[in-house]
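*Asks:* just to be clear, the model below is a prediction. Sequence and coordinates:
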Amino acid sequence: MRILDQVKTSSMSVVDAGRGRVDDFRRDRRRQSMLTELGRHCYAHRSGTGVGDEGAEIERIVAEITALDDATLETDTDSFEPGEARVLESA
């Protein structure tokens, strides 16, 4: 019975670690998507090809990225600094 409890405990820790990695991956993909969108709006704003108020969209996206970075800093234990570029590893 004790061995089964140990197996259950270790398997739960593996599952929790896996969930953390999935959450990190989703957060990184969301951040990358927002940065791509920000780039599109900045280009449209600078080139004059934008439709509507690009400045407001840029501010909105920057605020979202900042909020995401702040949430990441609260939950992350690594040495990520705001404004530091994170490179997403491709498979």
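*Replies:* The structure has been received and is ready for your questions.
*Asks:* from now on I want contacts and neighbour counts done on CA atoms only, so please keep to that.
*Replies:* OK.
*Asks:* what's the spacing between the strand or helix carrying residue 44 and its chain's center?
*Replies:* In this assignment (DSSP states H and E), residue 44 forms part of helix 2-47. Put simply, helix 2-47 sits 7 Å off its chain's centre (Cα atoms, centre = their mean, to the nearest Å).
*Asks:* what packs against the helix or strand following it?
*Replies:* Downstream of helix 2-47, the next assigned helix or strand under DSSP H and E is helix 54-75. The contact analysis (3 or more Cα pairs under 8 Å, 6 or more residues apart in numbering; DSSP states H and E) places helix 54-75 against helix 2-47.
*Asks:* tell me what the helix it packs on is packed against?
*Replies:* Packing contacts for helix 2-47, counted by 3+ Cα pairs under 8 Å, 6+ apart, involve helix 54-75.
*Asks:* with just CA atoms, put the helix it packs on into PDB.
*Replies:* The C-alpha trace of helix 54-75 is given here as PDB (Å, rounded to 0.1, in the frame of the first residue of the first chain):
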ATOM      1  CA  GLU A  54      -3.500  52.600 -35.100                       C
ATOM      2  CA  GLY A  55      -2.200  54.600 -32.200                       C
ATOM      3  CA  ALA A  56      -5.000  53.400 -29.900                       C
ATOM      4  CA  GLU A  57      -4.500  49.800 -31.000                       C
ATOM      5  CA  ILE A  58      -0.700  50.000 -30.300                       C
ATOM      6  CA  GLU A  59      -1.400  51.300 -26.800                       C
ATOM      7  CA  ARG A  60      -4.000  48.600 -26.200                       C
ATOM      8  CA  ILE A  61      -1.600  45.800 -27.300                       C
ATOM      9  CA  VAL A  62       1.300  47.300 -25.300                       C
ATOM     10  CA  ALA A  63      -0.900  47.300 -22.200                       C
ATOM     11  CA  GLU A  64      -1.900  43.700 -22.800                       C
ATOM     12  CA  ILE A  65       1.800  42.600 -23.200                       C
ATOM     13  CA  THR A  66       2.800  44.500 -20.100                       C
ATOM     14  CA  ALA A  67       0.000  42.800 -18.100                       C
ATOM     15  CA  LEU A  68       1.000  39.400 -19.400                       C
ATOM     16  CA  ASP A  69       4.700  40.100 -18.500                       C
ATOM     17  CA  ASP A  70       3.700  41.300 -15.000                       C
ATOM     18  CA  ALA A  71       1.700  38.100 -14.500                       C
ATOM     19  CA  THR A  72       4.600  36.000 -15.800                       C
ATOM     20  CA  LEU A  73       7.000  37.700 -13.300                       C
ATOM     21  CA  GLU A  74       4.600  36.900 -10.500                       C
ATOM     22  CA  THR A  75       4.500  33.200 -11.300                       C
END
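*Asks:* great, nothing more from me.
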